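A.B. asks: Need a 3D model of the following:
(one chain, ligands or ions: 1)
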Amino acid sequence: MSTRPEIVLVRGDITEQDTDVIVNAANSSLLGGGGVDGAIHRKGGPAILAACRELRAGHYGRGLPTGQAVATTAGNLAARWVVHTVGPVYQGAGGDPSLLASCYREALKVADGLGARTVAFPAVSTGAYGWPMGDAARIAVEAVRHANTDVEEVRFVLFDEEAYRAFAERIHSS
Ligand code: AR6
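C.D. replies: Reported below is the predicted structural model:
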(Lines give C-alpha, C1' and ligand atoms only; values in the text may rest on other atoms or scores of the structure.)
Protein backbone atom coordinates (compact mmCIF):
# COMPACT_ATOMS: atom_id res chain seq x y z
CA MET A 1 0.00 0.00 0.00
CA SER A 2 1.27 3.46 -0.86
CA THR A 3 2.21 5.84 1.91
CA ARG A 4 3.64 9.32 1.64
CA PRO A 5 7.36 9.27 0.88
CA GLU A 6 9.75 10.77 3.39
CA ILE A 7 11.22 13.98 1.97
CA VAL A 8 14.93 14.58 2.55
CA LEU A 9 16.93 17.66 1.52
CA VAL A 10 20.59 17.47 0.57
CA ARG A 11 22.86 20.21 -0.65
CA GLY A 12 25.15 18.72 -3.27
CA ASP A 13 25.67 17.06 -6.62
CA ILE A 14 22.96 14.69 -7.81
CA THR A 15 25.47 12.49 -9.64
CA GLU A 16 26.92 11.46 -6.27
CA GLN A 17 23.68 10.14 -4.82
CA ASP A 18 23.32 6.46 -3.99
CA THR A 19 19.54 6.35 -4.42
CA ASP A 20 17.95 3.67 -6.62
CA VAL A 21 16.98 6.37 -9.11
CA ILE A 22 18.39 9.75 -9.95
CA VAL A 23 16.23 12.04 -12.02
CA ASN A 24 17.69 13.95 -14.93
CA ALA A 25 16.45 17.42 -15.92
CA ALA A 26 16.72 16.56 -19.60
CA ASN A 27 15.44 18.10 -22.81
CA SER A 28 13.08 16.48 -25.32
CA SER A 29 15.91 15.25 -27.54
CA LEU A 30 17.23 13.00 -24.72
CA LEU A 31 20.63 13.46 -26.34
CA GLY A 32 22.32 15.48 -23.64
CA GLY A 33 22.87 19.09 -22.68
CA GLY A 34 24.35 21.20 -19.89
CA GLY A 35 23.55 21.48 -16.18
CA VAL A 36 22.35 18.30 -14.47
CA ASP A 37 22.03 16.56 -17.84
CA GLY A 38 25.65 17.22 -18.78
CA ALA A 39 26.89 16.13 -15.35
CA ILE A 40 24.91 12.85 -15.47
CA HIS A 41 26.17 11.92 -18.93
CA ARG A 42 29.76 12.88 -18.11
CA LYS A 43 29.89 10.85 -14.94
CA GLY A 44 27.59 8.01 -16.00
CA GLY A 45 29.49 7.34 -19.21
CA PRO A 46 28.40 6.43 -22.75
CA ALA A 47 25.92 3.69 -21.76
CA ILE A 48 23.34 6.32 -20.83
CA LEU A 49 23.56 8.10 -24.17
CA ALA A 50 23.41 4.74 -25.97
CA ALA A 51 20.20 3.89 -24.09
CA CYS A 52 18.77 7.33 -24.92
CA ARG A 53 19.55 6.83 -28.60
CA GLU A 54 17.68 3.52 -28.49
CA LEU A 55 14.67 5.25 -27.01
CA ARG A 56 14.82 7.80 -29.83
CA ALA A 57 15.04 4.99 -32.37
CA GLY A 58 11.96 3.34 -30.85
CA HIS A 59 8.96 4.65 -28.94
CA TYR A 60 10.34 8.19 -28.55
CA GLY A 61 11.14 8.92 -32.18
CA ARG A 62 9.92 12.49 -31.76
CA GLY A 63 11.55 12.94 -28.38
CA LEU A 64 10.24 12.87 -24.83
CA PRO A 65 7.35 15.30 -24.38
CA THR A 66 7.51 17.95 -21.64
CA GLY A 67 6.17 16.68 -18.31
CA GLN A 68 6.80 13.00 -19.09
CA ALA A 69 9.51 10.62 -17.84
CA VAL A 70 11.43 7.58 -19.04
CA ALA A 71 14.12 5.36 -17.51
CA THR A 72 17.55 4.23 -18.71
CA THR A 73 20.53 2.55 -17.14
CA ALA A 74 22.60 4.73 -14.82
CA GLY A 75 25.84 3.54 -16.41
CA ASN A 76 28.77 4.08 -14.06
CA LEU A 77 26.79 6.05 -11.49
CA ALA A 78 26.03 4.63 -8.04
CA ALA A 79 22.30 4.78 -8.77
CA ARG A 80 20.63 1.88 -10.57
CA TRP A 81 18.60 3.91 -13.02
CA VAL A 82 18.38 7.41 -14.42
CA VAL A 83 14.84 8.63 -14.97
CA HIS A 84 14.85 11.40 -17.55
CA THR A 85 12.15 14.04 -17.42
CA VAL A 86 11.67 17.24 -19.39
CA GLY A 87 10.67 20.31 -17.43
CA PRO A 88 8.76 23.20 -18.98
CA VAL A 89 10.57 26.39 -19.99
CA TYR A 90 9.42 29.25 -17.75
CA GLN A 91 7.11 31.56 -19.68
CA GLY A 92 6.71 34.33 -17.12
CA ALA A 93 4.61 34.96 -14.01
CA GLY A 94 1.29 33.17 -13.99
CA GLY A 95 2.69 30.34 -16.10
CA ASP A 96 1.00 26.96 -15.83
CA PRO A 97 2.70 24.89 -13.13
CA SER A 98 0.99 21.64 -14.10
CA LEU A 99 3.70 20.44 -16.47
CA LEU A 100 6.36 20.99 -13.82
CA ALA A 101 4.30 19.06 -11.24
CA SER A 102 3.83 16.36 -13.87
CA CYS A 103 7.61 15.84 -14.10
CA TYR A 104 7.72 14.81 -10.43
CA ARG A 105 4.57 12.67 -10.62
CA GLU A 106 5.59 10.89 -13.81
CA ALA A 107 9.16 10.28 -12.62
CA LEU A 108 7.76 8.67 -9.45
CA LYS A 109 5.44 6.53 -11.56
CA VAL A 110 8.37 5.29 -13.62
CA ALA A 111 10.32 4.67 -10.40
CA ASP A 112 7.40 2.62 -9.06
CA GLY A 113 7.41 0.56 -12.23
CA LEU A 114 11.08 -0.24 -11.63
CA GLY A 115 10.49 -1.16 -7.99
CA ALA A 116 12.68 1.72 -6.79
CA ARG A 117 12.39 2.77 -3.17
CA THR A 118 14.63 5.84 -3.13
CA VAL A 119 14.64 8.65 -5.70
CA ALA A 120 16.80 11.77 -5.96
CA PHE A 121 15.46 14.82 -7.81
CA PRO A 122 17.20 18.02 -8.86
CA ALA A 123 15.22 21.27 -8.95
CA VAL A 124 13.81 20.65 -12.43
CA SER A 125 13.47 23.69 -14.74
CA THR A 126 15.30 26.09 -12.39
CA GLY A 127 18.51 26.35 -14.42
CA ALA A 128 18.55 26.78 -18.19
CA TYR A 129 14.74 26.67 -18.26
CA GLY A 130 14.47 29.69 -15.96
CA TRP A 131 11.76 28.73 -13.46
CA PRO A 132 12.04 30.93 -10.31
CA MET A 133 13.41 28.81 -7.45
CA GLY A 134 10.80 29.60 -4.79
CA ASP A 135 7.90 28.79 -7.08
CA ALA A 136 9.59 25.66 -8.43
CA ALA A 137 10.24 24.46 -4.86
CA ARG A 138 6.57 24.94 -3.94
CA ILE A 139 5.41 22.99 -7.01
CA ALA A 140 7.95 20.20 -6.45
CA VAL A 141 7.17 19.71 -2.76
CA GLU A 142 3.41 19.73 -3.34
CA ALA A 143 3.65 17.29 -6.23
CA VAL A 144 5.72 14.84 -4.20
CA ARG A 145 3.54 15.19 -1.12
CA HIS A 146 0.42 14.37 -3.08
CA ALA A 147 1.90 11.62 -5.23
CA ASN A 148 0.50 8.14 -4.99
CA THR A 149 3.71 6.12 -4.87
CA ASP A 150 5.49 3.22 -3.20
CA VAL A 151 8.75 5.19 -3.16
CA GLU A 152 9.84 5.53 0.46
CA GLU A 153 12.35 8.37 0.22
CA VAL A 154 12.40 11.36 -2.09
CA ARG A 155 15.65 13.24 -1.83
CA PHE A 156 15.80 16.74 -3.29
CA VAL A 157 19.41 17.43 -4.19
CA LEU A 158 20.00 21.16 -4.32
CA PHE A 159 23.10 22.53 -5.89
CA ASP A 160 23.44 25.81 -4.03
CA GLU A 161 22.38 27.57 -0.86
CA GLU A 162 19.56 29.52 -2.50
CA ALA A 163 17.95 26.35 -3.81
CA TYR A 164 18.41 24.55 -0.49
CA ARG A 165 16.78 27.40 1.41
CA ALA A 166 13.86 27.62 -1.00
CA PHE A 167 13.09 23.91 -0.57
CA ALA A 168 13.63 24.02 3.20
CA GLU A 169 11.16 26.91 3.51
CA ARG A 170 8.55 25.00 1.56
CA ILE A 171 8.93 21.88 3.60
CA HIS A 172 8.79 23.63 6.93
CA SER A 173 6.05 26.13 6.07
CA SER A 174 3.28 23.54 5.73
N1 AR6 B 1 23.44 18.32 -9.12
C2 AR6 B 1 22.32 18.92 -8.63
N3 AR6 B 1 21.80 20.04 -9.16
C4 AR6 B 1 22.44 20.59 -10.22
C5 AR6 B 1 23.62 20.04 -10.78
C6 AR6 B 1 24.11 18.85 -10.18
N7 AR6 B 1 25.22 18.23 -10.63
N8 AR6 B 1 24.01 20.82 -11.82
C9 AR6 B 1 23.12 21.84 -11.91
N10 AR6 B 1 22.19 21.71 -10.93
P11 AR6 B 1 19.40 22.59 -15.36
P12 AR6 B 1 16.64 22.80 -16.42
C13 AR6 B 1 20.99 22.56 -10.65
O14 AR6 B 1 19.83 23.70 -16.21
O15 AR6 B 1 16.48 24.17 -15.92
C16 AR6 B 1 20.10 21.11 -19.92
O17 AR6 B 1 20.96 21.61 -20.88
C18 AR6 B 1 20.97 23.93 -11.27
O19 AR6 B 1 21.66 24.85 -10.42
O20 AR6 B 1 20.25 21.38 -15.25
O21 AR6 B 1 15.52 21.81 -16.23
C22 AR6 B 1 19.12 20.10 -20.46
O23 AR6 B 1 19.67 19.33 -21.53
C24 AR6 B 1 19.47 24.22 -11.32
O25 AR6 B 1 18.99 24.71 -10.07
O26 AR6 B 1 17.94 22.02 -15.82
C27 AR6 B 1 17.99 20.95 -20.94
O28 AR6 B 1 18.23 21.47 -22.24
C29 AR6 B 1 18.84 22.84 -11.52
O30 AR6 B 1 19.87 21.90 -11.23
C31 AR6 B 1 17.96 22.08 -19.95
O32 AR6 B 1 19.28 22.16 -19.43
C33 AR6 B 1 18.31 22.57 -12.92
O34 AR6 B 1 19.16 23.18 -13.90
C35 AR6 B 1 17.04 21.80 -18.78
O36 AR6 B 1 16.98 22.91 -17.95
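
A.B. asks: Which helix or strand contains I40?
C.D. replies: Under the criterion of DSSP states H and E, I40 resides in helix 35-44.

A.B. asks: Heading C-terminal from that helix, find the next helix or strand.
C.D. replies: Note on helix 35-44: by DSSP H and E, the next helix or strand toward the C-terminus is helix 46-57.

A.B. asks: Is that following helix positioned near the ligand?
C.D. replies: No: Helix 46-57 stays out of contact with the ligand when judged by Cβ under 6 Å from any ligand atom, the minimum separation being 11.0 Å. Where you see a C-beta, it was placed from the backbone N, CA and C, and this is true even at glycine.

A.B. asks: List the pairing partners of the next helix-or-strand element following that helix within its sheet, with orientation.
C.D. replies: Where DSSP H and E defines the elements, the next helix or strand beyond helix 46-57 is strand 69-73. Applying DSSP bridges, strand 69-73 is found paired with strand 81-86 (antiparallel).

A.B. asks: So which residues on the protein come close to the ligand?
C.D. replies: Looking at the ligand, the residues of the chain close enough under Cβ under 6 Å from any ligand atom are 13-15, 25-27, 33-37, 39, 87, 122-129, 157, 159, 163.

A.B. asks: Separate out the buried members of those residues.
C.D. replies: For those, a burial check counting by 16 or more other Cβ atoms under 10 Å picks out 14-15, 25-27, 33, 35-37, 39, 87, 122-127, 129, 157, 159, 163.

A.B. asks: ok so, going back, which of the residues of the chain next to the ligand fall within helices?
C.D. replies: Secondary structure of the residues of the chain next to the ligand is defined by DSSP state H; positions in helices are 35-37, 39, 163.

A.B. asks: If I7 is in a bridge, with which residues?
C.D. replies: With DSSP bridges applied, the residues forming beta bridges to I7 are V154.

A.B. asks: Flag the shaky bits of this protein, pLDDT-wise.
C.D. replies: Scanning the chain for pLDDT under 70 picks out 1, 174.

A.B. asks: Nearest to the middle of it, which residue? Look it up for me.
C.D. replies: Compute the mean C-alpha point of the chain, and by Cα atoms, centre = their mean the closest residue is V23, 3.5 Å away.

A.B. asks: Return the distance of the one helix or strand that residue maps to from the chain's centre.
C.D. replies: Under the assignment given by DSSP H and E, the secondary-structure element containing V23 is strand 21-26. Its chain's C-alpha centre lies 4 Å from the corresponding centre of strand 21-26 when counted by Cα atoms, centre = their mean, to the nearest Å.
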